[in-house]
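# predicted model and sequence follow; I will ask about them next.
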Amino acid sequence: MNDYYEILGVPRTATQEEIKRAYRKLARKLHPDVAGPEAEDQFKEVGRAYEVLSNPEKRQMYDLGGESALGGNGGGGAGFGFSDIFETFFGAAGGASRGPAPRGRRGQDALIRLEVELRDAVFGVEEEVQVDTAVLCGTCNGTCTRPGTSVQTCAVCHGRGSVQRVARSFLGNVMTTSPCSACGGHGTTIPDPCPECSGQGRVRNRRTIPVSVPAGVDTGNRIKLTGSGEVGPGGGPAGDLYVELRVRPHPVFARRGDDLYARVEVPMTAAALGTVLHLETFDGPEEIDIAPGTQPEEVITLEGLGVGRLNGPDRGDLKVQVDVEVPTALDDRQRELLLELATLRGEERAEPRLTPASNGVFSRLRDRFSGR
Ligand SMILES: [Zn+2]
Ligand SMILES: [Zn+2]
């Protein structure tokens, strides 16, 4: 069995840096361009050892079970070529050694904004958005070629998509691989591009896309429409479309979470005597009972008339706060009646009654709006 540590000449406790240094030294010494073809097997072995020990996961598996733990490719560097080593050491050079690059690439995601009314957030709505985006070219169907013609194998790289050349490096003269510039790495050229899309496989177009806006959405929420983004170059798969929502403020109803809030003004006399108010809600006209003796700032809750919950069938509440209107500009008769009322109630010389601050209007407000 090959001992990778022995091959690299490092102890089993070697750090990644020590392993890298040992490999670098050996690769320089054993590279076939330097040491000749006799050293090739040893060179491959070193590469294999480095590939395993430089990868913490593979190293751990190797430490536990030796080569067999690594599976099929443990046989002394079989199928382990120079380009792999080169990549291991320098990082892949733009994927140049991985064969021709496909012409079609995934399109970009797109973001579009959509304004909806508060009513739409309450119930949900079917909307449409207009998107100016790249769509598949209908003339060539993404093949990029003029109909009736086809792509041709690149004469420079013979379809490989990459070209090799000799370069000097610390290893001596080595072969490097880089993308073929004649075909852009695709391995094929287009002698007769599609006239509609100029060989891009896609064209700009305005599309109308239906968007299902669920109840409960709020400003900033995004809806993802998979595959509705722009089509990729060369007829590649489309990206996704994100619809970012903004809920327009409503002149009457304010929103906090799933609850709606409204304020109604009732005359002082109505607050004292009681009355029934008619309020136009999103669910139609509702009657609101103002009980006799309703106090300023009192909140009346209409259950289930709020915003639909995003993750469930039920709805928040509609909370109506009562403002009591104190009459101004009394005429003589009204003033007379109020004075008479004050006398009857013993309030003609009312002293201000101080109430503890905790019972004040601010804490009442806080209690009522804290989701009781
Ligand atoms: Zn086309
Ligand atoms: Zn080429």
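Received the coordinates, thanks. Ligands and ions are numbered 1, 2, ... in the order given.
# tell me how this protein divides into domains.
As given by automatic domain parsing, the domain ranges for the chain are 4-91, 110-142+199-247, 254-336.
# and these as JSON lines, adding mean pLDDT?
What follows is those, written out as JSON lines (pLDDT from 0 to 100):
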{"stretch": "domain 4-91", "mean pLDDT": "74"}
{"stretch": "domain 110-142+199-247", "mean pLDDT": "93"}
{"stretch": "domain 254-336", "mean pLDDT": "93"}
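# select, out of these, the one closest to ligand 1.
Nearest to ligand 1, of all the domains of the chain, is domain 110-142+199-247, at 3.1 Å by CB to the ion. Every C-beta, even on glycine, is put in place using the N, C-alpha and C of the backbone.
# could you tell me the end-to-end distance of that closest one?
Across its full length, domain 110-142+199-247 reaches 20 Å end to end, with CA to CA, to the nearest Å as the criterion.
# near ligand 1 at all, it?
Yes: counting by CB under 5 Å from the ion, ligand 1 has neighbours in domain 110-142+199-247: 137, 139-140.
# all helices of the stretch 1-150 of the chain, in order?
Using DSSP state H, counting those that start in this stretch, the helices found in the stretch 1-150 of the chain span residues 4-8, 16-30, 32-35, 40-53, 56-65, 82-90, 118-123.
# possible to save the ones you listed as TSV with mean neighbour count?
Formatted as TSV, those follow (neighbours: other CB atoms under 10 Å):
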stretch	mean neighbour count
helix 4-8	20
helix 16-30	16
helix 32-35	16
helix 40-53	21
helix 56-65	13
helix 82-90	17
helix 118-123	20
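# about what we covered before: which of the domains of the chain sits closest to Pro100?
Smallest distance to Pro100 across the domains of the chain (CB to CB): 12.2 Å, for domain 110-142+199-247.
# I'd like the distance from that closest one to the chain centre, please.
Once both centres are worked out by CA atoms, centre = their mean, to the nearest Å, domain 110-142+199-247 turns out to sit 14 Å from its chain's centre.
# before we move on, back to that, nearest to ligand 2, of the residues of domain 110-142+199-247 next to ligand 1?
Compare each of the residues of domain 110-142+199-247 next to ligand 1 with ligand 2 using CB to the ion and the shortest gap goes to Cys140, at 20.9 Å.
# any idea how far that closest one is from Glu230?
Cys140 is 17 Å from Glu230, where distance means CB to CB, to the nearest Å.
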